[in-house]
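Chemist: Build the 3D model from these lines:
(one chain, ligands or ions: 1)
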Amino acid sequence: MRPETINKLCCSMDKSELELTTIASDIHGNILQGFLTCSECERIYPIVQGIPIMSPDEYREYKLEQPLLDRWKRHLKGRTFKNFRLVAPEIKEGGEDAAD
Ligand SMILES: [Zn+2]
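Modeler: Down below sits the predicted model:
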């Protein structure tokens, strides 16, 4: 999928702008793998084999997407995948090394 096509996409739930993260692209600059995140509701829409998955929540299957997001973990900047949204990590008191 071409980057200029992605610029025309908006969130399927609230029509807000989407931010693109590219994970893999071909030599022509077409995006093969990556994800779009909504600036408003923080939903994440994966791009798989060049196709963005833009379905509303009720047509999405969590168990199909979870393995993908696990694989892309390092691109999520510490955020976790929950209810099709990227959730920021909770900040624990006592620093990162604090044990529970
Ligand atoms: Zn949204």
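
Chemist: Spit out the contact partners of the one residue sitting closest to the centre of the chain.
Modeler: For the chain, the residue nearest the mean C-alpha position is I44 (3.5 Å; C-alpha atoms, centre = their mean). Taking C-beta atoms under 8 Å, 6 or more residues apart in numbering, we find I44 in contact with F35, L36, T37, C38, L69, F81, F84, R85, L86. C-beta here means a position set from N, CA and C on the backbone, and glycine is covered the same way.

Chemist: tell me which of those is nearest to V48?
Modeler: F35 (9.3 Å; C-beta to C-beta).

Chemist: sorry, back to before: now, which of the contacts of I44 lie close to the ion?
Modeler: C38 (C-beta under 5 Å from the ion).

Chemist: distance between the ends of stretch 84-92?
Modeler: Stretch 84-92 stretches 24 Å from its first residue to its last (C-alpha to C-alpha, to the nearest Å).
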